[in-house]
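Colleague: please find the sequence and the predicted model below.
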Amino acid sequence: MRLYKKAAAVLLAAAMAVSMMTACGGGAGGGSGVVPGVTYHSNAALVAGVDADSIKSVMPIKVADSRYAAFIKNVASNPTIYEKVSAADVVNGQLTNERDIEQAQTEKFMSIKAVQNGKTVTDILAEKATNGVYTYTFVDASNRKAAVRFFEESHSTETPDVPGTSETPSVQGTISSAQVTVANKPYYAEIIQSSGTKKVMCYEADKPVPTYEFTTYSNGYGMAAVYKTICFGTDNGVIESRLSGYTVYTATPEGDSKTKGKLKNEETGDTYDVTLGKGDKGYTVEQNGQPTDEIDWLIDAMIKEFTKS
């Protein structure tokens with residue numbers, strides 16, 4: 001069913017894009033001193049980069065001595081984490097496209113929300129599944145709420161990494177330690193350079209998680225991020241609250257059909273056969289072989305949502 005296929009592709013692509021952006025931050029910096037259940041806060045303001053000419057005492061370091069590498073390993077071995085990040089693109093030394101990101105992850109779910117100029121620009125909930133992932137889209141219409149999940153199969157033949165089994169995390173490029181200032185405040189920094197990309201991670205004193213991440217790409221553009229909140233061992237109740245009040249439906253295409261599929265209400269077990277491109281409404285819905293308008297509100301809302309994408 002084209003609606004289902006498009007929804008899954010759009011949501012998965014968005015999830016991957018935002019996840020890569022925040023994972024670079026989440027996996028950037030910190031040390032082995034991270035304590036599960038302890039929430040690390042920062043009130044630092046988002047800025048475009050380190051102060052001009054402030055990078056001093058640059059010295060190459062080994063992966064084993066890197067806070068950046070240690071944090072990557074910590075993330076890999078702790079599947080449950082909560083983060084709040086303020087981030088922006090950097091163009092000609094100026095911040096642009098500023099957004100506030102909230103990310104929560106458990107062994108089963110990952111949630112990402114991004115707000116820009118008071119508007120939610122990304123709203124992703126993904127659920128791990130055998131041989132793939134379910135991505136959710138949230139529908140609020142006609143005073144009813146539904147969370148519709150779409151399965152996207154993984155065709156990767158690679159053996160997945162097993163969290164916590166690597167002796168040393170995979171860090172590409174070279175790592176150097178340095179002393180820098182950001183907004184006139186001193187920070188310990190680690191500079192990671194790889195394939196034309198330069199990443200500067202900034203830490204407050206002995207704090208085991210980063211405060212700032214500044215990335216400069218080979219084309220001169222960059223990204224800046226400040227980590228407002230990081231906590232291991234909890235998702236801060238985000239996943240449960242995301243689904244609270246919503247009825248979960250599972251959308252399944254009929255084989256390779258682009259116009260037919262099923263919607264299953266996971267609460268009641270009711271299953272509906274949906275066919276697009278037929279009938280006066282542009283679709284038909286049947287339950288047990290009989291026409292029904294019980295979920296027309298949901299089909300209308302889904303069509304409206306995905307035709308915008």
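Modeller: That came through, no problem.
Colleague: would you map the helices across the stretch 1-150 of the chain?
Modeller: Taking DSSP state H, counting those that start in this stretch to define them, one finds helices in the stretch 1-150 of the chain at 2-26, 67-77.
Colleague: pLDDT on the longest one, on average?
Modeller: Yep, that's helix 2-26 we're talking about. Averaged over helix 2-26, pLDDT sits at 40.
Colleague: before we move on, what about the shortest one?
Modeller: The predicted model assigns helix 67-77 a mean pLDDT of 81.
Colleague: and that helix, what's buried?
Modeller: 67-76 (16 or more other C-beta atoms under 10 Å). In this view, the C-beta of every residue, glycine as well, is placed from N, C-alpha and C.
Colleague: relative to Gln103, which of these is nearest.
Modeller: Looking at these and their distance to Gln103, the nearest is Val75, at 11.6 Å (C-beta to C-beta).
Colleague: doesn't Ala301 belong to a helix?
Modeller: Yes - residue assignment for Ala301, taken from DSSP: H, G, I helix; E, B strand; the rest coil, places it within a helix.
Colleague: partner residues bridging the nearest residue to it once chain neighbours are set aside?
Modeller: Nearest residue to Ala301 in three dimensions, chain neighbours excluded: Ala141, at 3.9 Å (C-beta to C-beta, 6 or more residues apart in numbering). When assigned by DSSP bridges, Ala141 has beta-bridge partners Arg144.
Colleague: likewise Ala87?
Modeller: With DSSP bridges as the criterion, Ala87 is bridged to Arg99, Ala225.
Colleague: please report the distance of it from Tyr68.
Modeller: 18 Å (C-beta to C-beta, to the nearest Å).
Colleague: now do Thr181
Modeller: 19 Å.
Colleague: likewise Lys264?
Modeller: When Lys264 is compared with Tyr68 (using C-beta to C-beta), they lie 44 Å apart.
Colleague: repeat for Thr130
Modeller: To Tyr68, Thr130 is 33 Å away according to C-beta to C-beta.
Colleague: surely Ser111 touches Gln103?
Modeller: Yes - because the distance of 6.8 Å satisfies C-beta atoms under 8 Å, Ser111 is recorded as touching Gln103.
Colleague: contacting residues around Val274?
Modeller: 1, 260-263, 283-285, 299 (C-beta atoms under 8 Å, 6 or more residues apart in numbering).
Colleague: cool, and Gln94?
Modeller: Applying C-beta under 8 Å, 6+ apart, one finds that Gln94 lies in contact with Ala48.
Colleague: which strand residues bridge it?
Modeller: Beta-bridge pairing for Gln94 (DSSP bridges): Val91.
Colleague: relative to Tyr40, how far out is it?
Modeller: Counting by C-beta to C-beta, the gap from Gln94 to Tyr40 is 28 Å.
Colleague: repeat that for Ile61.
Modeller: Applying C-beta to C-beta, the value for Ile61 to Tyr40 is 23 Å.
Colleague: before we move on, what about Glu102?
Modeller: As for Glu102, its distance to Tyr40 is 15 Å (criterion: C-beta to C-beta).
Colleague: also Lys119?
Modeller: In this structure, Lys119 and Tyr40 are separated by 28 Å, where distance is defined by C-beta to C-beta.
Colleague: neighbour count winner among those two?
Modeller: Neighbours around Lys119 and Tyr40, counted as other C-beta atoms under 10 Å, are more numerous at Tyr40. The numbers are 20 against 8.
Colleague: which residues touch that one?
Modeller: For Tyr40, counting by C-beta under 8 Å, 6+ apart, the contacting residues are 207-209, 227, 229-231.
Colleague: in a markdown table, list those residues along with neighbour count.
Modeller: As requested, the contacts of Tyr40 are arranged in a markdown table below (neighbours: other C-beta atoms under 10 Å):
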| residue | neighbour count |
| --- | --- |
| Lys207 | 19 |
| Pro208 | 19 |
| Val209 | 26 |
| Tyr227 | 26 |
| Thr229 | 15 |
| Ile230 | 27 |
| Cys231 | 22 |
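Colleague: which of those residues fall in strands?
Modeller: 227, 229-231 (DSSP state E).
Colleague: can you name the two of those residues that are farthest apart?
Modeller: Every pair in the ones in strands among the contacts of Tyr40 was compared (C-beta to C-beta); the two farthest apart turn out to be Tyr227 and Cys231, at 10.9 Å.
Colleague: any common contacting residues for these two?
Modeller: Shared contacts of Tyr227 and Cys231, counting by C-beta under 8 Å, 6+ apart, come down to 40, 83.
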